[in-house]
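[1] Next comes the sequence, and after it the predicted model I'd like to discuss.
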2 protein chains.
Amino acid sequence: MVLRSIDWKDGKILIIDQTCLPNQLVYKELNTLEAVAEAIVNMRVRGAPLIGITAALGMALVAYKAKNKSREEILRILKEAYNILLNTRPTAVNLRWALKRVLETAENSKEDVSKAVINLAVEMMNADIEINRKMAAVGQNIINNGDVILTHCNTGSLATVSVGTALGVIIEAFNRGKKIMVYATETRPLLQGARLTMFELIHEGVDSTLITDNAVAHAIKEKGITKVLVGADRILSDGTTFNKIGTLQLAILANHFKIPFYVVAPTSTIDMESSREDVIIEERDPNEIRKIGDTYISPKDAKVYNPAFDETPPELITGIITEKGIITPPYKYNIKKIM
Amino acid sequence: MVLRSIDWKDGKILIIDQTCLPNQLVYKELNTLEAVAEAIVNMRVRGAPLIGITAALGMALVAYKAKNKSREEILRILKEAYNILLNTRPTAVNLRWALKRVLETAENSKEDVSKAVINLAVEMMNADIEINRKMAAVGQNIINNGDVILTHCNTGSLATVSVGTALGVIIEAFNRGKKIMVYATETRPLLQGARLTMFELIHEGVDSTLITDNAVAHAIKEKGITKVLVGADRILSDGTTFNKIGTLQLAILANHFKIPFYVVAPTSTIDMESSREDVIIEERDPNEIRKIGDTYISPKDAKVYNPAFDETPPELITGIITEKGIITPPYKYNIKKIM
């Protein structure tokens, strides 16, 4: 059974609380804007596509509650919600993309604003699954029988509404009967690889092995890894890819060992407007590194540098797998063509 | 005050129990061979040089207890202890080197075997500090004012009897008034960087920052890291270096970003006899990765690959800093010369 990370039920949002995985599969109802913002900030939902949909459904929740108010009042409340949700995670472009779409639709709707917002958010949620299914199918062109695939962070059903991006391609290959093996990096500091990717791979029955982020080069050398597949939080028009911290070094290592390095992301992740300088790399709480659970694993006063993302230059990327096809270099030209 | 990891007091071994760091500085007495072996296996003492000295003092402990027995009986007991201690950690060459020296001395001593073994072990302990002081001085040749140095795992006083190898060079530079900054990788799975290196750097007052193993490439790019210094568990005659898992990828990243990559190790770490095929890379308990403390951070049945070391080829190493000088390429020739 493919996992479903988020759903909309009668004016309420139902999520899998990912901070409880892999030990417990806990569903949580979000009934207020504050609860939605908290869930994004504290990564109860995470993964660029899922963050976008959660924010859109957050707008729907606000619209649903305000449905008996005047058009102007609903628009005012929605704009407030837009600003609160936009500031939950600064790097993910899907968040901005989703919120902008919802707000524009609200502003352009002549009649029932509330209904228009709810319909759009639900439609975006359904479209996410549809797009991921297409990406998973497109990705089959680069997965061969016998592949040993390394992946980073979590990019599966738990990073999206369902199916996933990079992990969606991998699991689809397995479901089509391709003989593959998967290595998952644990992905410090928040261990999405250990907690979520391994949970999904075992859940689906894929032959999978967990390694620390330190063991990547050694595993490529010793375990015959044939390719690397990762997701993306934002892709610029020249192919520069912002993704989970550690992605840049995976790309450099893949390059060193001459194995292909693929990014898998929907075209909604592509940001045609921003340049590298525009992108803020989120720095997160030092305690994410200093502590695990309630235990300090470093001195309490240790200075910490905790960037959540890094920037992989296009020359290290073999191809970008989207729902519209695989984009290959030269990215500047080919991204524009596909958009 | 420079930390002291191990000492010999009236027939007993006193260690800092490093599994309690950084939260508590706990000293522990080792009174039996079993306790010494357990301390090495469970990494209450760790770091190639310290493991060697601990094993030598373990032999002294056995000899001390058997001092009233016959020469033959003492030799028999020492040989048994040799085999037990040799099997505690298979990769560290210092362990074998130290045990062999002690056993040979016992076998060659004509009179008081027990006394000969104790004297040698204590002498080796003192020589470790002396050698480290020399290495720290030699290493000053490559540390400049303004350097931003990345280091991996723990190679300080806590990895040796005192002073340390790579971290010894760094702290000596600081003590000589050089303006430096240090980035320490946390070093999963056992977090020696977070627990021990950060503890030592803060203890000494060095400007230091902790990063995850994932953040290395990004930190090199964004924080202007100028060089990488690491220790070694074993160096072959061609310069191939076995060290803590993650070292290989640090070397590849340093190479990619064109910054120097130095190994700091005493000549006792150099193994002139073995070839790459002879070296067993220790694979450790999967639960080191699956669990942190008592909490599972991955599914309990996750398959895990947990190599403790990796192998860095000589072409990625800028220089090897030893107590006898800095060895530069061609290593095959220059290592033989220094030995």
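    That came through, no problem. In this text the structure is predicted, and so the values were computed from the model without any measurement. Numbering: from 1, shown residues only, chains lettered A, B, ... in the order given.
[2] Where does pLDDT dip in the stretch 1-150 of chain A?
    A:92 (pLDDT under 70).
[3] Return the residues of it in contact with chain B.
    Selection of the stretch 1-150 of chain A residues close to chain B by C-beta under 8 Å from any C-beta of the partner chain yields A:P22, A:N23. C-betas here are computed from N, CA, C, even on glycine.
[4] Tell me which stretches of the stretch 1-150 of chain A form helices.
    Residue ranges of the helices in the stretch 1-150 of chain A, as given by DSSP state H, counting those that start in this stretch, are A:33-41, A:48-65, A:71-86, A:93-108, A:113-139.
[5] Relative to A:D285, tell me which of those helices wins on proximity.
    Comparing the helices of the stretch 1-150 of chain A by their distance to A:D285 (C-beta to C-beta), the top pick is helix A:33-41, with 10.2 Å.
[6] what's the closest one in contact with?
    A:13, A:15, A:17, A:28, A:30, A:44-46, A:51, A:54-55, A:57-58, A:61-62, A:81, A:84-85, A:88-89, A:95 (C-beta atoms under 8 Å, 6 or more residues apart in numbering or on different chains).
[7] any idea how far the residue lying farthest from the centre of chain A lies from chain B?
    Checked against the mean C-alpha position of chain A, the extreme residue using C-alpha atoms, centre = their mean is A:S70, at a distance of 35.4 Å. Using C-beta to the nearest C-beta, to the nearest Å, A:S70 is found at 48 Å from chain B.
[8] re earlier: if you compare the helices of the stretch 1-150 of chain A, which one is most tucked away?
    Mean neighbour count, computed with mean count of other C-beta atoms under 10 Å in any protein chain shown, is highest for helix A:48-65 among the helices of the stretch 1-150 of chain A, reaching a mean of 26.
[9] just checking, what packs against that one?
    On a contact count with 3 or more C-beta pairs under 8 Å, 6 or more residues apart in numbering or on different chains; DSSP states H and E, helix A:48-65 meets strand A:6-9, strand A:12-16, helix A:33-41, helix A:71-86, helix A:93-108, helix A:113-139.
[10] Was I right to think A:L50 contacts A:A159?
    Yes - in terms of C-beta atoms under 8 Å, A:L50 counts as a neighbour of A:A159; the distance is 5.6 Å.
[11] hey, what's in contact with both of those two?
    The contact lists of A:L50 and A:A159 share A:S5, where a contact means C-beta under 8 Å, 6+ apart.
[12] What is the neighbour count of A:D278?
    Residues within reach of A:D278, counting by other C-beta atoms under 10 Å in any protein chain shown, total 10.
[13] Tell me how far it lies from chain B.
    A:D278 is 16 Å from chain B, by C-beta to the nearest C-beta.
[14] separation between that residue and A:T240?
    Distance of A:D278 to A:T240, given as C-beta to C-beta, to the nearest Å: 11 Å.
[15] Quickly find the element holding A:G164.
    For A:G164, there is no host helix or strand (DSSP states H and E).
[16] contacting residues around it?
    Contacts of A:G164 (C-beta under 8 Å, 6+ apart): A:N132, A:A136, A:T155, A:G156, A:S157, A:L158, A:I171, A:E200.
[17] Which residues are in contact with A:I180?
    A:I143, A:N145, A:G146, A:D147, A:V148, A:I149, A:I170, A:A173, A:F174, A:V206, A:D207.
[18] who wins for neighbours among the residues you listed?
    Neighbour-wise, the contacts of A:I180 (other C-beta under 10 Å) top out at A:I170, 31 neighbours.
[19] So chain A: which segments form each domain?
    A:6-132, A:134-338 (automatic domain parsing).
[20] next one: the first one to chain centre, how far?
    Using C-alpha atoms, centre = their mean, to the nearest Å, we find the averaged C-alpha position of domain A:6-132 to lie 15 Å away from the chain's own average C-alpha position.
[21] what about that domain, start to end distance?
    15 Å (C-alpha to C-alpha, to the nearest Å).
[22] Could you list which of the contacts of A:I180 belong to strands?
    A:V148, A:I149 (DSSP state E).
[23] Closest to B:V117 out of the contacts of A:I180?
    Nearest to B:V117 among the contacts of A:I180, with distances taken as C-beta to C-beta, is A:V148, at 49.5 Å.
[24] In this structure the closest one contacts A:A219, no?
    No - with contact defined as C-beta under 8 Å, A:V148 does not count as touching A:A219 (9.1 Å).
[25] Find residues that contact each of the two.
    With C-beta under 8 Å, 6+ apart as the test, A:V148 and A:A219 both reach A:Y183, A:I225.
[26] what's the closest non-adjacent residue to A:P286?
    A:V304 (3.6 Å; C-beta to C-beta, 6 or more residues apart in numbering or on different chains).
[27] Tell me who's in contact with that neighbour.
    A:P286, A:I289, A:R290, A:S298, B:T209, B:L210, B:I211.
[28] Phi, psi for the first one please.
    Here the main-chain torsion angles of A:P286 (degrees, to the nearest 10) amount to phi -50, psi -30.
[29] what's the answer for A:R176, then?
    phi -80, psi 0.
[30] From what I see, it and A:Q140 are in contact.
    Yes - applying C-beta under 8 Å, one finds A:R176 in contact with A:Q140, separated by 6.7 Å.
[31] now A:W97: how far from chain B?
    A:W97 is 24 Å from chain B, by C-beta to the nearest C-beta.
[32] For that residue, give me its contacts.
    With C-beta under 8 Å, 6+ apart, A:W97 has these contacts: A:G52, A:S268.
[33] about what we covered before: can you tell me which of the contacts of A:I180 is closest to A:I338?
    Among the contacts of A:I180, and counting by C-beta to C-beta, the member closest to A:I338 is A:I143, at 20.6 Å.
[34] How confident was the prediction at the nearest residue to that closest one once chain neighbours are set aside?
    The shortest distance from A:I143 to any non-neighbouring residue, by C-beta to C-beta, 6+ apart, is to A:A173 (4.2 Å). You'll see A:A173 listed with a pLDDT of 98.
[35] residues contacting A:M181?
    A:M181 neighbours (C-beta under 8 Å, 6+ apart): A:D147, A:V148, A:I149, A:D207, A:S208, A:T209.
[36] among those residues, which two are most distant?
    A:D147 and A:T209 (13.9 Å).
[37] A:K223 reaches A:V182, doesn't it?
    No - judged on C-beta under 8 Å, A:K223 makes no contact with A:V182 at a distance of 11.0 Å.
[38] Tell me which of those two has more neighbours.
    A:V182 (24 against 17).
[39] So the more buried one, which state does it fall into?
    strand (DSSP: H, G, I helix; E, B strand; the rest coil).
[40] count of residues packed around the closest residue to it other than its chain neighbours?
    For A:V182, ignoring the flanking residues on the chain, the nearest one in space by C-beta to C-beta, 6+ apart is A:S208 at 4.4 Å. The local packing of A:S208 (other C-beta under 10 Å) involves 23 other residues.
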